[in-house]
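Peer 1: show me how the following folds:
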Amino acid sequence: MRIIYALPIFIIRQHELGIFEFFGKYSYFSKPGLKIMIPFIHTCRIRDIREHTMDIPPQSVITKDNVEIRVDGIIWAKPKADEKSIKETFYSIDDWKYAVMELAMSNLRQEFGNITLDESLISREKISHDLQKSLDLLTNDWGVKVSKVEMRLIDPPNDIKAAMHKQKTAEQERRSMRLLATGQFEAAQQEKLAAIEVAKGEKESQILRAQAKKEEQILHAEGEKEAKVRIAEGEAEKIRMVSEAAITYFHNGAKDLKELEVTENALKHNSKVVLTEKGISPQVIIGEIPTTK
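Peer 2: Okay, the predicted model is just below:
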């Protein structure tokens, strides 16, 4: 803040807004630019309306579960850029920065008193948001806008940190053992599935081999059957041709032809044959040929 009362000519900068007083009483609102006034009769109070950064000093707070922790943070706030708000920053509060800081520390203790230690460690963003809303609401009558609050440090006592470290280590070990057990279980499942797939493959392979063997046997039997049929057909054709030849060339000598075949077959087995003068009349005689008397 700047107060000008002895200069007849001065400048209000772009990031500033001012109010003029006549013998200590509010006169009018002034925007940036070159200004002229009567020294000592007029007074100009100038307010910087840029964003102001304020550090919340480290302080001890007690959580809902009676744990004392140290916290600090940062506040971003600025005067609102309208005539009413600028007047309020001068006439409603003596030092708005100091007031915002004290209000922040008070509300910070209240915020942490409503949550446990574990909640405070994981709810940093929520705490910052709630604190910003409450501060902005409370500073509205001062013509100030609290735009952002950021919690920077949440520091538990050393013994609590040691216990948390042990708890985290135990949790990590438990998680590691769980992951290891899960990995072993999944590996066993995969081995089981692989064994099932191998068994299925072996079964299908045996079925295919059996089917192939069966088809091979069927084809072999069909081939033998067809060969026998062809042989039988050939024999039948041979008999037919012989019969036709006999009928054609021997006429009524088919009987004689048959007798010749019988004789031929008999001679194959070294049988003895007697030929008579009446023609071919083979007789199979066991023993010696009888002598004629």
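Peer 1: tell me where the stretch 51-200 of the chain has helices.
Peer 2: 83-91, 96-113, 117-122, 124-138, 158-249 (DSSP state H, counting those that start in this stretch).
Peer 1: quick one: closest of the ones you listed to residue 51.
Peer 2: For residue 51, the closest of the helices of the stretch 51-200 of the chain is helix 96-113, at 12.1 Å, according to Cβ to Cβ. From N, CA and C alone the C-beta is placed, and that goes for glycine too.
Peer 1: quick one on the thing from earlier: okay, the helices of the stretch 51-200 of the chain in a markdown table with mean pLDDT, mean neighbour count and distance to residue 6 next?
Peer 2: Shown next, in a markdown table, are those (pLDDT from 0 to 100; neighbours: other Cβ atoms under 10 Å; distance: least, Cβ to Cβ, whole Å):
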| stretch | mean pLDDT | mean neighbour count | distance to residue 6 |
| --- | --- | --- | --- |
| helix 83-91 | 94 | 18 | 19 |
| helix 96-113 | 92 | 17 | 25 |
| helix 117-122 | 87 | 16 | 52 |
| helix 124-138 | 93 | 17 | 37 |
| helix 158-249 | 82 | 10 | 57 |
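Peer 1: will you turn these into a markdown table that also has distance to residue 13?
Peer 2: Below are the helices of the stretch 51-200 of the chain laid out as a markdown table (distance: least, Cβ to Cβ, whole Å):
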| stretch | distance to residue 13 |
| --- | --- |
| helix 83-91 | 14 |
| helix 96-113 | 19 |
| helix 117-122 | 42 |
| helix 124-138 | 26 |
| helix 158-249 | 48 |
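Peer 1: which of those helices sits closest to residue 149?
Peer 2: Of the helices of the stretch 51-200 of the chain, nearest to residue 149 by Cβ to Cβ is helix 124-138, at 4.1 Å.
Peer 1: and that closest one, what does it pack onto?
Peer 2: Applying 3 or more Cβ pairs under 8 Å, 6 or more residues apart in numbering; DSSP states H and E, one finds that helix 124-138 contacts strand 68-79, helix 96-113, strand 144-155.
Peer 1: now those in TSV, with distance to residue 122?
Peer 2: Below are these laid out as TSV (distance: least, Cβ to Cβ, whole Å):
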stretch	distance to residue 122
strand 68-79	14
helix 96-113	13
strand 144-155	10
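Peer 1: can you say which of these is nearest to residue 163?
Peer 2: Smallest distance to residue 163 across these (Cβ to Cβ): 13.6 Å, for strand 68-79.
Peer 1: follow-up on the earlier one: wait, which of the helices and strands packed on helix 124-138 is closest to residue 121?
Peer 2: strand 144-155 (6.3 Å).
Peer 1: and that closest one, what's buried?
Peer 2: For strand 144-155, the neighbour count (16 or more other Cβ atoms under 10 Å) marks 144-146, 149, 151, 154 as buried.
Peer 1: export those to TSV and tack on pLDDT and distance to residue 103?
Peer 2: Output for those, formatted as TSV (pLDDT from 0 to 100; distance: Cβ to Cβ, whole Å):
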residue	pLDDT	distance to residue 103
144	96	10
145	96	14
146	96	9
149	95	11
151	91	16
154	88	20
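Peer 1: so who does residue 113 touch?
Peer 2: Going by Cβ atoms under 8 Å, 6 or more residues apart in numbering, residue 113 touches 61-64.
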